[in-house]
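S.K.: what's the 3D shape of this:
(chains A, B, C and D)
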There are 2 protein chains.
Amino acid sequence: MQPPLDACSDPTRGLGLSAVEPGWPSNEAPPTLLRTAPSWLINKTALYSHRIIGEAFAAIGARRFHVGLLASLVEFGPSSQASLGRRCGFDRSDVAEMINELAEAGHVERTQDPSDRRRNIIQITDAGRIHLERLTATLDAAQQELVAPLSADERADLARLLGRVLDYQVGRHPL
Amino acid sequence: MQPPLDACSDPTRGLGLSAVEPGWPSNEAPPTLLRTAPSWLINKTALYSHRIIGEAFAAIGARRFHVGLLASLVEFGPSSQASLGRRCGFDRSDVAEMINELAEAGHVERTQDPSDRRRNIIQITDAGRIHLERLTATLDAAQQELVAPLSADERADLARLLGRVLDYQVGRHPL
DNA sequence: CAGAAAAGTTGGCTTTACCAACGTTGGATC
DNA sequence: GATCCAACGTTGGTAAAGCCAACTTTTCTG
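M.R.: Residues are numbered from 1 along each chain as shown, chains lettered A, B, ... in the order given. The predicted model follows:
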């Protein structure tokens, strides 16, 4: 016959009569098919990542894309918008607007490349470097919150595994 | 750490000059800050996951959420929409529309619960079960494509690590 | 020199997740 | 029993992210 519909109709108190993963609402764990699907695990974890990092950045008046662009400019020096987009995985059109925002905030300077007048040369400013320091500190704290249940070794493992998947996929379809 | 499996994939050691990860456009690798940031790795990997699984499902006229809902109904029996949403991590409002779609396609039946007239009882149909079989096969193939560069052990490791993070985060803020 | 390709910009589209409100219903409390 | 509160389903709307198409200007290639 059918299992009882909604065995627990008050989600505030768990009856604790079945082995459910910690944290999930009582008797309402996700289906095994999802629980064991790498794609689902990745997507749901990415959702939490979005939320945690996004809130942390919003708290200091920053946006998620700031980090990648500014870090790119520091590590590789002045770049064109197209190059920034390829490095960080952004569409050209999105980079244009992002640079608008960063330039308006004074974190970045946009000048035309005299040797190739199609290109803009994007340079980080002193204010941008200071901003980046706050960003990295904020990101570090938020990420620690994200992967809190993992040990240092496990965090390294996770990064290594994801990096391998990412390298492979980038080779198949550059993003 | 393990010896390099595929090609040179050692992102932790930058030689500074010409050591570019495989697959990345020539000399336009992402900044180290992103490369080593779990949040960035998770988000970018999730993007590829979205694309690969989404395309695979679109090829058989299905959508991503079909799997979770139908698998839930098979594993736990007829459920209310709210319960389905909690299990799969969907908003109530989104579940309503998803069930509309699944019901119109004949994969699911929606009846009012006589014992609680607020609730709908969602039941999977025979067509839905057949659909779910195709979905799981498609999902398996797509996921294999996603984590192709990982060995079986590594895939298990990845799933375990992500599951731990997810359990922890669900405990902090149920989704 | 002609054509292809790259760069930047504008504008728009889709998906996904989320939120707010409402009416209905049931349970809890006094 | 009357009242308050919570859950459910539904509608509608919002915001961000990623992506695509078109167009102009400029450079590279054959």
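S.K.: I'd assumed A:Thr136 was in contact with A:Ala56.
M.R.: No. Proximity of A:Ala56 to A:Thr136 does not meet the contact threshold set by CB atoms under 8 Å, at 11.7 Å. Using the backbone N, CA and C atoms, a C-beta is placed for each residue, glycine as well.
S.K.: quick one: which of the two has more around it?
M.R.: The neighbour comparison of A:Ala56 against A:Thr136 (other CB atoms under 10 Å in any protein chain shown) goes to A:Ala56, with 22 against 16.
S.K.: what mean pLDDT does the helix or strand harbouring that one have?
M.R.: Assessed by DSSP states H and E, A:Ala56 sits inside helix A:38-59. Average pLDDT, helix A:38-59: 97.
S.K.: Okay, angle between it and helix B:38-59 too, please.
M.R.: Calculated by axes from the mean of the first three to the mean of the last three CA atoms, to 10 degrees, helix A:38-59 forms an angle of 130 degrees with helix B:38-59.
S.K.: And the next helix or strand past helix A:38-59?
M.R.: helix A:64-76.
S.K.: what about A:Ile122, how many neighbours?
M.R.: So A:Ile122, with other CB under 10 Å, has 23 neighbours.
S.K.: Contacts for the host helix or strand of it next, please.
M.R.: Per DSSP H and E, A:Ile122 falls inside strand A:120-124. The contact list for strand A:120-124 (CB atoms under 8 Å, 6 or more residues apart in numbering or on different chains) reads A:69-70, A:73-74, A:78-81, A:84, A:99, A:107-113, A:132.
S.K.: Which residues of chain A lie near DNA strand C?
M.R.: Within chain A, the positions lying close to DNA strand C (CB under 7 Å from any atom of the strand) are A:9-10, A:43, A:47, A:51, A:80-83, A:92-93, A:95-97, A:99-100, A:110, A:118-120.
S.K.: Quick check: which ranges of chain A have low pLDDT?
M.R.: Within chain A, the stretches with pLDDT under 70 are A:1-23, A:26.
S.K.: who's in contact with A:His173?
M.R.: B:48, B:51.
S.K.: Mind checking which of the contacts of strand A:120-124 land in strands?
M.R.: A:108-112 (DSSP state E).
S.K.: Can you add distance to chain B and neighbour count and give these back as TSV?
M.R.: As requested, the ones in strands among the contacts of strand A:120-124 are exported to TSV (distance: CB to the nearest CB, whole Å; neighbours: other CB atoms under 10 Å in any protein chain shown):
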residue	distance to chain B	neighbour count
A:Val108	15	25
A:Glu109	19	16
A:Arg110	19	14
A:Thr111	21	11
A:Gln112	21	10
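S.K.: which one among those gets closest to B:Ser151?
M.R.: A:Val108 (42.4 Å; CB to CB).
S.K.: Just give the number of residues close to the closest residue in space to the closest one that isn't next to it in sequence.
M.R.: Of all residues not flanking A:Val108 in the chain, A:Leu102 sits nearest, at 4.1 Å (CB to CB, 6 or more residues apart in numbering or on different chains). Look at A:Leu102: counted by other CB under 10 Å, it has 24 neighbours.
S.K.: in what helix or strand does A:Leu102 lie?
M.R.: helix A:92-104.
S.K.: quick check, that helix touching DNA strand D?
M.R.: Yes. Helix A:92-104 comes into contact with DNA strand D (CB under 7 Å from any atom of the strand), by way of A:92-94.
S.K.: Let me see the contact set for the spatially closest residue to A:His66 that is not a sequence neighbour.
M.R.: Distances taken as CB to CB, 6+ apart place A:Leu135 nearest to A:His66, at 5.7 Å, with adjacent residues excluded. By CB under 8 Å, 6+ apart, the contact list for A:Leu135 reads A:57, A:60, A:62, A:66-67, A:70.
S.K.: ok, back up a step: could I get the residues of helix A:92-104 next to DNA strand D as a markdown table with distance to B:Val165 and neighbour count?
M.R.: Formatted as a markdown table, the residues of helix A:92-104 next to DNA strand D follow (distance: CB to CB, whole Å; neighbours: other CB atoms under 10 Å in any protein chain shown):
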| residue | distance to B:Val165 | neighbour count |
| --- | --- | --- |
| A:Arg92 | 33 | 11 |
| A:Ser93 | 33 | 10 |
| A:Asp94 | 28 | 14 |
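S.K.: Return the member of these nearest to DNA strand D.
M.R.: A:Ser93 (3.3 Å; CB to the nearest atom of the strand).
S.K.: any idea how far that closest one lies from A:Gln81?
M.R.: Remark: distance between A:Ser93 and A:Gln81 (CB to CB, to the nearest Å) = 10 Å.
S.K.: Likewise for A:Ile121?
M.R.: From A:Ile121 to A:Gln81 the distance is 9 Å (CB to CB).
S.K.: same thing with A:Glu145?
M.R.: For A:Glu145, the distance to A:Gln81 - CB to CB - is 32 Å.
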